[in-house]
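>>> just a sequence and a predicted model for now, questions to come.
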Amino acid sequence: MQILVLDTIHGGNAIGDAFLSRGDKVDLVDVYRGGSPVSVEAALSRSYDLIVAPVHLDPDHPLLKAARVPVISHHEAVRQLVHGNVPDVMVEITGARGKTTTAHALASLMPGNGILHTSSGTFRFPEKTLVSRSSITPGSVLAAVKLAKEINGWLIVEESLGITGAGSLGIITSAEDYRFAAGKKSAIDAKTASAGHCRRLLLAGRIPSARTEGVVYIEDAASCRVTECTVTLGGTTRRFTNPLLALPAYRDCLMLAATAAVMLGIDPAPLASFTALPGRMSARYDGDVLVVDNANSGTNAETTIDAAQYARNASGHDGITLVIGQQEGDGAVCEGFAPDQQLAAIEAIRPVHLIRVGRVPDSGTPEEPRHVPQTTARVASLEEGYTLAQQKTTQGSVVLAVKTWR
């Protein structure tokens, strides 16, 4: 087959290589930067049997509008490429937030050898050894599948904007929706559509699903009472306690991981000892100042407000230095931290010091009303923001709420 693969910077190269290895002819086009050997104009003049495009590409892109052959997503391409050659247990996780924590929590319960691939890295279990770091685009699933097959182990993969459907269980962690692909697509619609081939599916937040067979809604299977979680599924009931269940950001993730474990025939009781991940509401003291680190790829207004409340409760002080924004240029673009979300968090928290990271709207504009607390400083990165926060804060707490891949 003559195949056109679009978007080389979000996993397209890996997908193209996989098609080449099976004997297909492939053209690769960098649709965002224009740096590929095959240009958009050249591709428009050629004939193809199949086009593979990322789900986040503008549907009105010239190569899609001119298509006269089947067009499939990167997710679907990976599903076809790994068909019949995946680990016996392969769990795929997507969602606007909670992916990484859910993945780590579930991995902590899995027996024997396995591979965990998330935005925080690719790890070999049970050693928890860091193997590599790569994106959570569908193309990265190819290497993760290969690693898991080599060790005859299980695989848990975090993916952006959908799943391949090649695994034994798919999880969508959040019903939160937003527009993408030049504002022309719904994120939750894309994620549920991608799950159509899943054998079993676990859904959060009453996410609409066209199918009923093999689907479990977290609200039907799990419940929490303060710090105790109960999962009842198929006549089996399991319970565990963990202080993190009192935090909304962790409660949902631990409920999902526990329910997924029961679906896989695993007891979730060891989640009682699961601890906060770096950048996911982890707390530590820097001298007399409490630092709550919630800077990750899923940071949004809701988790930022939760982090601030947690910081005030734990430190016993109302004063907060808030480091907030979106770090530019590190790939956290598909599910951004929009200015209105940042403003909602800032207005709810009312920090003593406000350090903004990344692009900041001008004061007095519709994006940045005058009543927003005065910005102490503007910096380019999380690291700069934290360093400045340490200098400015002598009591109370620092809350790190920067959208960035970690």
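Everything's here; your move.
>>> show me where the chain has helices.
13-21, 40-44, 62-65, 74-82, 99-107, 140-150, 187-194, 218-221, 248-263, 301-315, 339-349, 382-392 (DSSP state H).
>>> what pLDDT is listed against the most centrally placed residue in the chain?
The centre of the chain sits closest to Lys99, judged by C-alpha atoms, centre = their mean, with a distance of 4.7 Å. For Lys99, the model assigns a pLDDT of 93.
>>> over to Asp330?
Looking at Asp330, its pLDDT reads 57.
>>> same check, this time on Glu367
We have a pLDDT of 59 for Glu367.
>>> re earlier: any chance of the helices of the chain in TSV, with distance to Gly162 too?
Yep, even glycine has a C-beta here, placed from its N, CA and C like the rest. Converted to TSV, the helices of the chain look like this (distance: least, C-beta to C-beta, whole Å):
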stretch	distance to Gly162
helix 13-21	14
helix 40-44	24
helix 62-65	17
helix 74-82	5
helix 99-107	12
helix 140-150	11
helix 187-194	3
helix 218-221	19
helix 248-263	17
helix 301-315	22
helix 339-349	22
helix 382-392	27
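>>> among those helices, which is nearest Pro208?
Smallest distance to Pro208 across those (C-beta to C-beta): 6.7 Å, for helix 187-194.
>>> tell me which of the helices of the chain sits most buried.
Burial of the helices of the chain is given as mean neighbour count (mean count of other C-beta atoms under 10 Å); helix 99-107 ranks first at a mean of 27.
>>> from the rest of the structure, what touches it?
For helix 99-107, contacts defined as C-beta atoms under 8 Å, 6 or more residues apart in numbering pick out 91, 93, 95, 114, 116, 118-120, 123, 125, 136, 156-159, 171, 173, 249-250, 253-254, 256-258, 260-261, 271, 274, 277, 280, 296-298.
>>> now do that helix and helix 248-263, the angle between them.
If you take axes from the mean of the first three to the mean of the last three C-alpha atoms, to 10 degrees, helix 99-107 sits at 40 degrees to helix 248-263.
>>> now the residue nearest to the centre of the chain: closest residue in space that isn't a chain neighbour?
Among residues not flanking Lys99 along the chain, Glu158 sits closest, at 4.6 Å (C-beta to C-beta, 6 or more residues apart in numbering).
>>> what's the answer for Leu161, then?
Computed as C-beta to C-beta, 6+ apart, the closest residue to Leu161 that is not its neighbour in sequence is Val55, at 5.2 Å.
>>> for the one you found, give me its contacts.
Applying C-beta under 8 Å, 6+ apart to Val55 gives the contacts 73-75, 161-162, 181, 185, 190, 194.
>>> show the model's pLDDT score for Val372.
On pLDDT, Val372 comes in at 62.
>>> how does this protein divide into domains?
Segmentation of the chain into domains, based on automatic domain parsing, reads 2-69, 80-273, 282-403.
>>> straight-line length of the longest one, end to end?
Put plainly, it is domain 80-273. Distance between the two ends of domain 80-273: 38 Å, counting by C-alpha to C-alpha, to the nearest Å.
>>> any idea how far that domain is from the chain center?
Relative to its chain's centre, domain 80-273 lies at 11 Å (C-alpha atoms, centre = their mean, to the nearest Å).
>>> next: the first one.
Distance, stretch centre to chain centre, for domain 2-69: 25 Å (C-alpha atoms, centre = their mean).
>>> first-to-last residue distance for that domain?
So domain 2-69: terminal residues 11 Å apart, C-alpha to C-alpha.
>>> for it, give the mean pLDDT please.
95.
>>> begin at 643, not 1, for the rest of this chat.
Taking 643 as the first residue, the last one we looked at is domain 644-711.
>>> and the nearest residue to Ala823 once chain neighbours are set aside, how far from Thr1035?
Distance criterion C-beta to C-beta, 6+ apart; nearest residue to Ala823, sequence neighbours excluded, is His698 at 5.2 Å. Per C-beta to C-beta, to the nearest Å, His698 is found 38 Å from Thr1035.
>>> which of the domains of the chain has the lowest mean pLDDT?
Mean pLDDT per stretch puts domain 924-1045 lowest among the domains of the chain, at a mean of 86.
>>> look at that domain and report the distance between its end residues.
First-to-last residue span, domain 924-1045, C-alpha to C-alpha: 15 Å.
>>> find the nearest non-adjacent residue to Tyr927, please.
Val933 is the one closest to Tyr927 (C-beta to C-beta, 6+ apart), at 7.2 Å.
>>> still on that earlier bit, columns distance to Leu670 on top of the contacts of Val697, output as TSV?
Formatted as TSV, these follow (distance: C-beta to C-beta, whole Å):
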residue	distance to Leu670
Ser715	16
His716	12
His717	18
Leu803	20
Gly804	21
Ala823	20
Lys827	23
Ala832	23
Ser836	22
